[in-house]
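Visitor: Sequence plus predicted model, see below.
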Amino acid sequence: MVEKIIAACDGASKGNPGPAAWAWVIGRADGAIERWEAGPLGRATNNVAELTALERLLEELDPAVPVEVRMDSQYAMKAVTTWLPGWRRKGWKTSSGSPVANKDLVVRIDALLTGRDVDFVYVPAHQVDGDPLNDAADRAAS
């Protein structure tokens with residue numbers, strides 16, 4: 001049996017939009033980091049940075065290996081889990097009828113998620129005793 005990968009991803013933007021970056025970390029349950037990657041995005045929103053971090057993480061991982069993804073962005077998590085099916089049914093329109101923001105990223109992430117075993121876990125950001133992997137991703141993206 002393949003052991004589940006534990007990962008966290010985060011994005012940051014200084015200003016919204018502003019200079020932005022993304023990061024992901026892969027570690028163990030005790031918070032020890034095994035590997036990580038981060039990169040700049042230029043001028044972007046925090047939501048673009050969060051979604052980019054998830055996209056880059058999924059691109060890095062073997063699709064056959066189950067993964068737990070820890071994120072502090074409810075927007076990014078809900079975009080690719082809860083809202084995506086409805087957006088697709090409505091022709092990529094929101095419930096108010098406006099175009100879906102960041103559709104290109106959401107579509108690419110949807111393709112990367114297809115057929116994979118991915119569990120998303122929301123972790124609050126910037127907590128004193130917060131999730132160590134999310135904290136590491138936050139530091140790398142900042």
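Guide: Alright, I've got the coordinates.
Visitor: Where do the helices of this protein begin and end?
Guide: 46-60, 74-78, 84-89, 103-113, 132-141 (DSSP state H).
Visitor: buried stuff in the shortest one?
Guide: The neighbour-count check on helix 74-78 (16 or more other CB atoms under 10 Å) flags Tyr75, Ala76, Met77 as buried. From N, CA and C alone the C-beta is placed, and that goes for glycine too.
Visitor: re the thing from before, now the helices of the chain as JSON lines including distance to Lys14 and mean pLDDT?
Guide: Shown next, in JSON lines, are the helices of the chain (distance: least, CB to CB, whole Å; pLDDT from 0 to 100):
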{"stretch": "helix 46-60", "distance to Lys14": "9", "mean pLDDT": "98"}
{"stretch": "helix 74-78", "distance to Lys14": "18", "mean pLDDT": "97"}
{"stretch": "helix 84-89", "distance to Lys14": "28", "mean pLDDT": "95"}
{"stretch": "helix 103-113", "distance to Lys14": "20", "mean pLDDT": "97"}
{"stretch": "helix 132-141", "distance to Lys14": "11", "mean pLDDT": "92"}
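Visitor: Dump those to JSON lines, plus distance to Val25.
Guide: Compiled in JSON lines, the helices of the chain are given as follows (distance: least, CB to CB, whole Å):
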{"stretch": "helix 46-60", "distance to Val25": "9"}
{"stretch": "helix 74-78", "distance to Val25": "16"}
{"stretch": "helix 84-89", "distance to Val25": "25"}
{"stretch": "helix 103-113", "distance to Val25": "18"}
{"stretch": "helix 132-141", "distance to Val25": "5"}
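Visitor: Could you double-check that Asp25 sits in contact with Ala137?
Guide: Slight slip there: residue 25 is Val, not Asp. Yes - using CB atoms under 8 Å, Val25 makes contact with Ala137 at a distance of 4.9 Å.
Visitor: Could you check which of these two is surrounded by more residues?
Guide: Ala137 (33 against 29; other CB atoms under 10 Å).
Visitor: can you pull the contacts of the more buried one?
Guide: Shown in contact with Ala137 (CB atoms under 8 Å, 6 or more residues apart in numbering): Ala8, Cys9, Asp10, Ala23, Trp24, Val25, Trp36, Ala53.
Visitor: All set, thanks.
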